[in-house]
Every structure is written in C-alpha cells, then in structure tokens.
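J.: Predicted coordinates and the sequence they were generated for:
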Protein chains: 4
Amino acid sequence: MDRKEEIIIRAAEIIRDEGYDRLTLSSLAAKMNMQKASLYYYFDSKDDLMDSIYTYFEEDCLHLGFSVDFSLSPEEIFSTALSHWKSIFSDRKRSCFISLIEQRKEIDERAFDDANAFYLMIQSQSEAVISILGERHLLDVPSVKTVSTMFSNTIYNALVNESLDAEVFIRDFLSAFSL
Amino acid sequence: MDRKEEIIIRAAEIIRDEGYDRLTLSSLAAKMNMQKASLYYYFDSKDDLMDSIYTYFEEDCLHLGFSVDFSLSPEEIFSTALSHWKSIFSDRKRSCFISLIEQRKEIDERAFDDANAFYLMIQSQSEAVISILGERHLLDVPSVKTVSTMFSNTIYNALVNESLDAEVFIRDFLSAFSL
Amino acid sequence: MDRKEEIIIRAAEIIRDEGYDRLTLSSLAAKMNMQKASLYYYFDSKDDLMDSIYTYFEEDCLHLGFSVDFSLSPEEIFSTALSHWKSIFSDRKRSCFISLIEQRKEIDERAFDDANAFYLMIQSQSEAVISILGERHLLDVPSVKTVSTMFSNTIYNALVNESLDAEVFIRDFLSAFSL
Amino acid sequence: MDRKEEIIIRAAEIIRDEGYDRLTLSSLAAKMNMQKASLYYYFDSKDDLMDSIYTYFEEDCLHLGFSVDFSLSPEEIFSTALSHWKSIFSDRKRSCFISLIEQRKEIDERAFDDANAFYLMIQSQSEAVISILGERHLLDVPSVKTVSTMFSNTIYNALVNESLDAEVFIRDFLSAFSL
DNA sequence: AATGAATGAGGTTTCATTCAT
DNA sequence: AATGAATGAAACCTCATTCAT
C-alpha cells in the first residue's frame, strides 16, 4: 500500500469515526504524522482528495464478485451470500466508505450514486438467489420481485445500520418461505 | 411561530439542503435576515442550537398519532397507513429533521436514537396492520414477524431514501400476499 | 444603599475577584440579576461606569480620619494605628477598590493617583506616629524620615499584598527600636 | 532571537504599555507585522501564548546571579547591589514581565508566585548584605531581620513603582545606620 | 518526498451599545 | 425603572492553501 492510498484510507476513517465535517487537512495530517503542507504533494486540493476517495473505493468495488454454488442447500446458499455481503460491508476499509456515502448521499450526487450501486447490488443478487431457489422449488415465494425487494431492503439496512441481526433474519426468512 | 422556532427550522433546512457541514452561523443569519450576533440572543452557542433542533423535533414527534379504521378494505388500510407515514416523512419541516438524522446517525448518538425511533415506529405500526389483517384472513403471510420486518424496512427506505415507489410496492405486496 | 451604588460595588467586586479585563456589562448584569440594557439607565457607558467607580471610592476615602491617643503606650499606639489601617484596607468594599488600583496603576493615571494617595496616607501617618514617639523618647530611631519611609513601605505592602504579617512586623519593629 | 521569542516579548510590551486587557491577537499581529492567523503557527491559543510568556520569563530569571565584593566600602556595596537590582528590574524585556505580574498578581496565581519570587529575592539579598555589614561593624542595625525586611520592602517598591528614588533612599539609609 | 512559515477567508463567540416599549 | 430584541465591531480560532526550500 503506497502513501497516497494510506492517506485516502485514513481520510475515510476520519469521516467514519468523526464525521464528514471533521475531516480537515489538519486532522488528517496529524493522523498521518505528517505536515499539512505535505498532503499537497499527493493531492492538488481537498476537493481532489475527496474525488480520490470516491475513485479509490469505486474502483475497489468493481472487483466485488458474486458467485453461488447452487448445489448447496438453501440454508447454505443464504449463509454463503450473507458471508459475502458481510465481508463487503464490514471490511475495515470499505466500511469507512460506506459510512461516507451514507452521510453524504442526500447532499452529494456521487455519494448518492455509490450508495445506490450498493443497494442495487444487494437487490439483484438477492433476486437471483431467491429466483433460482424458487425455480428449484426449494423456496415458495408468492412473488419473486416483491419478496426479493423486501428481502434486500432488510438485508441492506441490517448491513449498513446494524439495525437488525442478519443471521437471525435469514433463519426466520427461510423457515417462513421454504417448502 | 416564534422567532426561536423559526431559526431552528431554517437551520434544519440548511442542513437538509446543503449538508450538516454547511450550517454556519453566517449562512443561518443570512437566511434569517439577521446578524450573526443576534443568534446568540436565542442560543448560547452553536452546540446549543443543535441541541435545540433535536429537542424541538423530538417533541414534535411525540404528537404523531396512528389509528387505522379496520372496517376498510386491505387496500384502503394500507393506503391510509402510507398516507400517514408520508405525511410524517414529507412534512416540510420534519423532512429537514429526517435528513439531519440520516446524515448524522453514525456520528451522533442523539441522531442515532432518533433515527431508530422512526424505524421502530414504522416497524411496530406495520406489524400491527399486517397482524390484524392476518387474523381477519384478509392477508396470508407465512410469518407475521418476518414479513412485517421486511415490509417495514422496505417502507422505511422508500420514505427516507426515495429509493422505491412506495405506492407501487404496496400494490405489489398486496397482490402477492392477499387472499 | 441605592441601586447605582450597588452596581458600582458589584463591578468593583468583579474586578477584584476576576480581574479588570473580566468586568463586562454581561458579567455585571448577571451578578446584579438584571439585564445588560438596564445598566444604561444608571450609566451612560462602560467608561462612565468606570469613572463612577473611581469617583465613588475617591469620595469614600475623603472620610478616612486618623487620630491617635498619644497617652497610650507605644505598643497600644501602633496597635491602634494598625487596626485603623487594616479597617481601611480590608473593608469589604474598599478592598475591591484597592485591588482595582493595584491592577491598573501602571496603565491608568487615575488608578495611579489613587494608589499614590493611599501610599502617602500610610507614609504621613507613620511618620507622625514615629516622630511623636521619638520626641517623647519612647522610640529611638536614627532618622525619623528614613525609618518612617521604610516602615510605611513595609506596612503598605503587608496591607496590600499580604506578603507579611503586619502584627508580627510591628512587634519586631517595636522591640528593635523602642528604648 | 527567534520569531517565537520575539512574539513573546512584543506581547509583554503591549501588556506593559497598554495593559493586560489590551493584549489582543490583532494588536500583537499588527506590532509584529504579521497576520493574526500566523500567531497560531507559534502558539496553540492565546492561553498558550500567556503560558509561554510566563515560562519564558521564569526561565530568564533563573539566570539572575548576585555576588557582592565585600572588600568594598558600604556605600560601594549598596551602590553595586542597587545597580544589580536596577539592571534586573529595568531591563527592557524584564520590565515588561514585571509590569505583567504586578497587574495580574491578585488574579493569576502564576503571576502571584512570580511576583513573590522577585520580592523574596530582594529580601534575601538585602538581608545578606545588611547582615554581613553588621558583622563587620560597618553598619549598626538594632535587628538585622526587621531592618532588612523594611529595607527590602522599600527597595522593592522603589524599583517596581518608582514611588521613591532608590539612590537617595540608600544614601539616607546609610547615613542613618552606618557607624 | 516533505516541510516550516505564512496567509486570507471565514468560522464561532463576546463586546458595548441602541432603541422601542 | 427596566427590558427584550437586535446590532456592528472586534475578539479568538480554524480552514484550505501557498511557497520557498
């Protein structure tokens, strides 16, 4: 990890831990044990730093694969999917980014788009899983689209807000809808 | 509406429209057509202003009633419930507060608690509606708890993030689960 | 004591307790349980308040008599004189004024003059006592002027700075110089 | 002399010339031909600046030696001592500090302690001189302790307040007490 | 690759003061 | 006799930024 990357991550950490408004070049330089002025070697301006944060994490998200082994049982499939999502959302670095976009999505279009991308990712992957399990008669949902929408909204909130225990929810979901 | 209240609301508007970090006494005074110094007649400090914003809206939320006429059809009941929720979340003043707590809920414990209160409100009211309609055999859900959890998470996101058209979702939900 | 007088004394108290720089109309109004604006009923400006403080205490000092019963013993005479001085310097109100002029005597000519007046008062009264006791052969000082200068400087500092126990000093002085 | 030191001394000058309450970052920056903000490169806050002033001068005072050549005549000894004291108290920089502690000694414990240190320095050095001259029968004082207390109080006031001509006083003192 | 020194703009806060009531 | 509401100036402080080195 080079210096620039390190700065980007520290900046994102400050945003997660103290809030977007508290990310200042002073606080960042202090956390990096360097001088404010030195940050200008890596970034043209604070705006450039913010752009770099977005770009860095957006690229990072391009590499998020999703593959499911459908030979497994429904329990195992959902458990694998959840592990996958959890690894994304609670990754030490990425959790900073998610906090950033949650704070800024109502203000900043780029944050809005990124938040949406995560939301849609969960949604499409959920729909895929539920749809296939439906086809194989392992799950009985009255409407794949409606149920997967509800499912993904619930999972998304569980991951982002920790408002709910996702494991428990999935267990309940399965016992409610599996055949 | 007295002057203090007016200031609180304008401050919340700035937070919704420009972001928490852009609420400055200058911007607020400008929006109020008054001098920065005059704000100190009403508030001891910016922190006190923030506290007052929270307090004002928390009190405001104490008066949010919820009653449903269960003699209506499921469609009408959900439609009424949604209107009720929409009137809460899109109220000109309250929408500012909701934006504030969404921006700050990961940073500020008070915002977190308030966001949670809204979340739990939707959840318990959803559960009540779904449960009663289930008892009356107007709705057929495999598990009231699981389905109402999913339902409320979806509605909550629709209201807060406008990530989804709530009307359409409810129509789909009904056609999927009604008998 | 009328309201104006009360304000003057409270102002002087603030100066003694918190320092000249901390006397503000806000702090004064708070201590008086009144509004800042109300102070303008009694004083034209803060400068006028300061002038009034000086004037009030300067007039107060005009009434400070000094008479000694020279039929008493030297011990009793000095003890009486010291009591007199102490009553002046540690008077609850006047001690505020003395603190004011000590803080401001290097900056403010009026404070300087008032401080000087106290200093000269102690000096002339000391000289009178020492001189008369010398004439009556109850005290043996090599030079009335020199010794009374030293005596009064010492007493002045003891009273103002509490750098020294005046009683102890006077006992020592008497045992050193009495016949 | 580095920049930080220069700022400290200019600040002390303002306090001496205009009073403690008139030391503002604006006035200081103006005197230094720099921007207010630049002062924060050197000091964390105004309080830190004040602390630095105290620390700077307290360290400065650690190096104040005092040695007397007792082979000289009493006149010469006192004259040397007075020159020494005068050089301390009227040193261009240190006089600022002395003015500061005189203004603040009733308010600020640190100023009080520093003022006391000067007072005790004069006192102990006076006592040393008077005591040795007494032992050598060049001075005839009835009580070394009492007379040196009075002497030092007088000298201290002369130096700090210029309430008295120290040379004249010392001449009088010698003609009164020398054998 | 990094920094020490500086800055102008703008932030929060406090001040003495005013004025209608 | 007193106050509620407001204000302009100036206080302290922080911000992103620059520039020579």
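T.: Okay, I see it. Numbering: from 1, shown residues only, chains lettered A, B, ... in the order given.

J.: Check which residues of the longest helix seen in chain A are buried.
T.: Across chain A, the longest stretch assigned as helix under DSSP state H is helix A:109-135. Neighbour-count burial for helix A:109-135, with 16 or more other CB atoms under 10 Å in any protein chain shown as criterion, is recorded at A:110-111, A:114-115, A:118-119, A:121-123, A:125-131, A:133-134. In this view, the C-beta of every residue, glycine as well, is placed from N, C-alpha and C.

J.: Show the pLDDT at the most centrally placed residue in chain A.
T.: For chain A, the residue sitting closest to the mean C-alpha position, by CA atoms, centre = their mean, is residue A:89 at 4.1 Å. In the prediction, the pLDDT value recorded for residue A:89 is 93.

J.: Where does the prediction get shaky in chain A?
T.: Per-residue confidence for chain A (pLDDT under 70) gives no ranges below the cut-off.

J.: From the recorded domain assignment, give the ranges for it.
T.: Here the domain parsing of chain A from automatic domain parsing is A:3-59, A:65-177.

J.: Which residues are in contact with residue A:55?
T.: With contact set as CB atoms under 8 Å, 6 or more residues apart in numbering or on different chains, residue A:55 has no partners.

J.: any idea how far residue A:131 lies from residue B:171?
T.: Per CB to CB, to the nearest Å, residue A:131 is found 21 Å from residue B:171.

J.: Chain B contacts on chain A?
T.: Counting by CB under 8 Å from any CB of the partner chain, chain A comes close to chain B at A:16, A:18-21, A:99, A:102-108, A:115-116, A:119, A:142-143, A:145-147, A:149-151, A:153-154, A:156-157, A:161, A:163-164, A:169, A:172-173, A:175-177.

J.: Just the buried ones out of those, please.
T.: In these, the ones that pass as buried (16+ other CB under 10 Å) are A:16, A:19-21, A:99, A:102-108, A:115, A:119, A:142, A:146-147, A:149-151, A:153-154, A:156-157, A:161, A:163-164, A:169, A:172-173, A:176-177.

J.: one step back: go ahead and measure how far the longest helix of chain A is from the middle of the chain.
T.: With CA atoms, centre = their mean, to the nearest Å as the basis, the distance from the averaged C-alpha position of helix A:109-135 to the chain average is 11 Å.

J.: quick revisit: looking at the domains of chain A, spot the one closest to DNA strand E.
T.: With distances scored as CB to the nearest atom of the strand, the stretch of the domains of chain A nearest to DNA strand E is domain A:3-59 (2.8 Å).

J.: sorry, back to before: among the buried ones among the residues of chain A next to chain B, which are in reach of DNA strand F?
T.: Counting by CB under 7 Å from any atom of the strand, the subset of these that neighbours DNA strand F is empty.

J.: which other helices and strands contact the longest helix of chain A?
T.: On a contact count with 3 or more CB pairs under 8 Å, 6 or more residues apart in numbering or on different chains; DSSP states H and E, helix A:109-135 meets helix A:46-62, helix A:74-89, helix A:94-104, helix A:144-161.

J.: neighbours of residue A:155, just the number please.
T.: Burial of residue A:155 is recorded as 27 neighbouring residues (other CB atoms under 10 Å in any protein chain shown).

J.: do residue A:81 as well
T.: When neighbours are counted by other CB under 10 Å, residue A:81 registers 19.

J.: Spit out the contact partners of it.
T.: For residue A:81, the contacting residues are A:66, A:68, A:125-126, A:129, by CB under 8 Å, 6+ apart.

J.: likewise residue A:60?
T.: With contacts defined as CB under 8 Å, 6+ apart, the neighbours of residue A:60 are A:93-94, A:97.

J.: got a winner among those for most neighbours?
T.: residue A:97 (25 neighbours).

J.: Let me know the next secondary structure element after the one helix or strand residue A:7 maps to.
T.: Taking DSSP states H and E as the definition, one finds residue A:7 inside helix A:3-18. Toward the C-terminal end, the helix or strand that comes next after helix A:3-18 (DSSP H and E) is helix A:25-32.

J.: Touching that next one from outside, list them.
T.: Outside helix A:25-32, the residues touching it (CB under 8 Å, 6+ apart) are A:6-7, A:10-11, A:13-14, A:18, A:35-36, A:38-39, A:46.

J.: Can you add distance to residue B:85 and give these back as JSON lines?
T.: Shown next, in JSON lines, are the contacts of helix A:25-32 (distance: CB to CB, whole Å):
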{"residue": "A:6", "distance to residue B:85": "45"}
{"residue": "A:7", "distance to residue B:85": "43"}
{"residue": "A:10", "distance to residue B:85": "40"}
{"residue": "A:11", "distance to residue B:85": "37"}
{"residue": "A:13", "distance to residue B:85": "36"}
{"residue": "A:14", "distance to residue B:85": "35"}
{"residue": "A:18", "distance to residue B:85": "33"}
{"residue": "A:35", "distance to residue B:85": "51"}
{"residue": "A:36", "distance to residue B:85": "47"}
{"residue": "A:38", "distance to residue B:85": "50"}
{"residue": "A:39", "distance to residue B:85": "45"}
{"residue": "A:46", "distance to residue B:85": "39"}
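
J.: Mind checking which of those residues are buried?
T.: With burial judged by 16+ other CB under 10 Å, the buried subset of those is A:7, A:10-11, A:13-14, A:39.

J.: just the residues you listed now: which is nearest residue A:138?
T.: Proximity of these to residue A:138 (CB to CB) peaks at residue A:13, which lies at 41.6 Å.

J.: Show me what from chain A comes close to DNA strand F.
T.: Chain A comes close to DNA strand F at residues A:22-27, A:36-37, A:40, A:45-47, as judged by CB under 7 Å from any atom of the strand.

J.: 10 Å instead, please
T.: Contact residues (CB under 10 Å from any atom of the strand) of chain A with DNA strand F: A:21-30, A:35-41, A:43-50.

J.: Tally up the residues packed near the residue lying closest to residue A:36 once chain neighbours are set aside, please.
T.: For residue A:36, ignoring the flanking residues on the chain, the nearest one in space by CB to CB, 6 or more residues apart in numbering or on different chains is residue A:29 at 4.4 Å. By other CB under 10 Å, the residues close to residue A:29 number 17.

J.: before we move on, what about residue A:67?
T.: 7.

J.: Distance of it relative to chain C?
T.: Summarising the geometry, the distance separating residue A:67 from chain C, computed by CB to the nearest CB, to the nearest Å, is 68 Å.

J.: Residue B:167 versus that residue, what's the distance?
T.: Between residue A:67 and residue B:167 the distance is 36 Å, computed by CB to CB.

J.: now do residue A:9
T.: Look at residue A:9 and residue B:167: by CB to CB, they are 42 Å apart.

J.: neighbour count winner among these two?
T.: In this comparison of residue A:9 against residue B:167, neighbours counted by other CB under 10 Å, the higher total goes to residue A:9 at 18 against 13.

J.: Not counting its neighbours along the chain, what's nearest that one?
T.: Take residue A:9 and drop its neighbours on the chain: the residue closest to it by CB to CB, 6+ apart is residue A:93, 5.5 Å away.

J.: which residues sit in contact with that neighbour?
T.: Listed by CB under 8 Å, 6+ apart, the contact partners of residue A:93 are A:9, A:12, A:57, A:60.

J.: tell me the contacts of the first one?
T.: Remark: with contacts taken as CB under 8 Å, 6+ apart, residue A:9 is in contact with A:1, A:93, A:96.

J.: And the second one, by the same measure?
T.: Contact analysis of residue A:12 by CB under 8 Å, 6+ apart lists A:53, A:57, A:93, A:96-97, A:99-100.

J.: Could you check how far it is from chain B?
T.: Using CB to the nearest CB, which is the criterion applied here, residue A:12 is 13 Å from chain B.
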